[in-house]
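coordinates for the following, if possible.
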Amino acid sequence: MADDFTFSITTTRFDDDYAPSKSSRVTTNFANLARGEHRQQNLRNTLTMIDRRFNDLAHWDNPDGNRYTVELDIVSVQLRFTAEGADREFPLLEVLDVQIVDTWTSIRRHGIVGNNFSSYVRDYDFSVLLPAVNADSPKPTVPGDFGDLHGKLFRHFLDSPAYRERFTLPPVICISVSTSKTYHRTANQHPVLGVEYQQEEYSLTDEYFSKMGMKVRYFMPRGSVAPLAFYHRGDLLNDYADLQLIGTISTMETFQKIYRPEIYNANSAAAPVFRPSLEVQDYSRTEIAYDRVERSRLAITQGQYTEEQFIKPHGEALAQWAADYLVPVA
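Residues are numbered from 1 along each chain as shown. Reported below is the predicted structural model:
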């Protein structure tokens, strides 16, 4: 099946005029922000928060704190394959691409692609497959092949001409730390990423990303109140320039302040031994509307859509392809 499907990429500018496309996952975090009565104000406030945080971290030669602005594109990836003689497409995943504009020099720098990560197949795995496996299980069970297909599809996309022709560096995905794990502050400190935290065992999300070929490190940047999880390939600390790392931090910390204010907009910083919790009450709310309950509900709906439109009709062919796919040696 390796020759029977390819990937294509489309981009959509994420600005205060952004409206989700019909093929965009409605649980995508930025899509959630762009709905409702206050959608445009939500978007403006979000972009302003990103720019302010960027300039706060990129403070050198920036006396007024307004030298840089961040532009974001939503990168939508479609998988196209032949089934029963007809071309079919499925919206595989979405990430964010960062552009950094120096308003002093008008120079534009490409940031890091990735950042946010949205995937229909991941919705299926976590919201349909895993609950079904555990429906009659006396204790939590995770199948040994959980995430295998998703991981191989992601690896195959990164090796595809569609990705390599557009992006020169591997992606970095930056999300919240797990509320099921405890993190310990280390003595290691990076000038941009900040102080490093570690944990004794991986979360299910960490394991899921490992099947995508991505390692994880946890850093709390200067001025942050909780560490972020950075999923990456290669050398996170040396493969990317300072401004590129700042672009990812400012973008994703802003989103996390909106999505998980209990952790990332808390009124006190993470302790040396840190257990994230959504039950904490000592935090500040942003003025940006975000419906976390709706997002969880829609994840199930979209997981079911994936099952009906992708897994069931093409499951046999996908399983054969996955069985033949050789995971590259790290």
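
only C-alpha atoms from now on, for both contacts and neighbour counts.
Will do.

hey, which helix or strand in the protein has the poorest pLDDT?
Lowest mean confidence among the helices and strands of the chain (mean pLDDT, DSSP states H and E): helix 29-33, at a mean of 62.

quick one: average pLDDT of whatever helix or strand comes next after that one?
Heading C-terminal from helix 29-33, the first helix or strand you meet, by DSSP states H and E, is helix 39-57. Average pLDDT, helix 39-57: 92.

now do stretch 79-98
On average, stretch 79-98 scores 80.

residue contacts, Asp123?
299-300, 302-303, 306 (CA atoms under 8 Å, 6 or more residues apart in numbering).

next, it: secondary structure please.
Taking DSSP: H, G, I helix; E, B strand; the rest coil as the rule, one finds Asp123 in the helix state.

pull up the per-residue confidence for it.
The model reports Asp123 with a pLDDT of 92.

repeat that for Glu316.
pLDDT at Glu316 comes out at 87.

now swap in the one 10 residues further on and tell me
Note on Leu326: pLDDT of 82.

which residues does Phe117 form a beta bridge with?
Val95 (DSSP bridges).

contact partners for it?
When the contact criterion is CA under 8 Å, 6+ apart, the partners of Phe117 are 93-96, 173.

can you tell me how far it is from Val195?
From Phe117 over to Val195 the distance is 24 Å, taken as CA to CA, to the nearest Å.

could you do Lys211 as well?
26 Å.

returning to that earlier point: lowest-confidence entry in the contacts of Asp123?
For the contacts of Asp123, the least confident entry is Ala299, with 82.

that one sits in which helix or strand?
Using DSSP H and E, the element containing Ala299 is helix 292-306.

which one of the contacts of Phe117 has the most neighbours?
When the contacts of Phe117 are compared by neighbour count (other CA atoms under 10 Å), Leu96 ends up highest, at 27 neighbours.

can you tell me which residues contact that one?
72-75, 113-117.

what does Ser250 give?
Ser250 neighbours (CA under 8 Å, 6+ apart): 50-51, 53-54.

by neighbour count, which of the residues you listed wins?
Going by other CA under 10 Å, Phe54 tops the contacts of Ser250 with 26 neighbours.

which element is the closest residue to it other than its chain neighbours on?
Spatial nearest neighbour of Phe54, chain neighbours left out: Ser250 (5.2 Å); criterion: CA to CA, 6 or more residues apart in numbering. Using DSSP H and E, Ser250 falls within helix 242-259.

just how off-centre is that helix within its chain?
Centre-to-centre, helix 242-259 and its host chain are 11 Å apart (CA atoms, centre = their mean, to the nearest Å).
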